[in-house]
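In: Give me the fold of what follows.
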Amino acid sequence: MNVRRQKRLISLTAAVIAVAAIATLVVGLSAPVDIEAAPTTRLSVDDANPDTASDPNTETNKLTLTDLRRVSSLDLRRPLFEDPTPAVTQTQAQPTVPLNLTLVGTVQEDGHSMAMLRKADGSITVCAEGATLDNPAGTITIKQVETDRVTLIHRGLPRVLEITVTP
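Out: Residues are numbered from 1 along each chain as shown. So this is what the prediction gives:
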């Protein structure tokens, strides 16, 4: 099939499609259309309850202005559920547990500060900031190391140990 025949076949196909589109448009516009209005009914507040609902075409079933005001005054943006009442809990101050640790010294370097701590058995351990230490009093986290003091976290509360100088 040469180029001339291809062009002729494409033109013929386009013409057939155009004629079909025009015929569809003419038939669609000339067909009779019968439009009926749907019967309108007025709903009342009582229609929500099928036991008290009455015939919608009766005159007594129309909404009054007081009904509309009552419905419009409802709080539609309230929460879908009520918040549970929080239980009243008394927080008792936790007794201070002796840590049995003594701050012996500190090492100060940028980003690598460490604390030297003496345990109750006399052994010395070196801990960096952020390290945890197991102790009979519980787990202790080294929060901050300064020149002469260390801030520890024990049972969620901060505790400070300072270097004691003995003469």
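In: Helices along the chain, start to end?
Out: Taking DSSP state H, the helices of the chain run over residues 3-30, 65-72.
In: Go through those helices and name the closest to residue 127.
Out: helix 65-72 (67.3 Å; Cβ to Cβ). No exception for glycine: its C-beta is placed from N, CA and C like everyone else's.
In: Using CSV, write down the CA coordinates of the closest one.
Out: The C-alpha trace of helix 65-72 is given here as CSV (Å, rounded to 0.1, in the frame of the first residue of the first chain):
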residue,chain,number,x,y,z
LEU,A,65,-40.3,28.7,63.0
THR,A,66,-39.8,27.5,66.6
ASP,A,67,-38.9,24.0,65.3
LEU,A,68,-36.3,25.4,63.1
ARG,A,69,-34.9,27.6,65.9
ARG,A,70,-34.7,24.6,68.2
VAL,A,71,-32.8,22.5,65.6
SER,A,72,-30.5,25.4,64.7
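In: quick revisit: which of the helices of the chain has the lowest average pLDDT?
Out: Here the lowest mean pLDDT among the helices of the chain goes to helix 65-72, at a mean of 82.
In: Just give me how far that helix sits from the chain centre.
Out: 36 Å (Cα atoms, centre = their mean, to the nearest Å).
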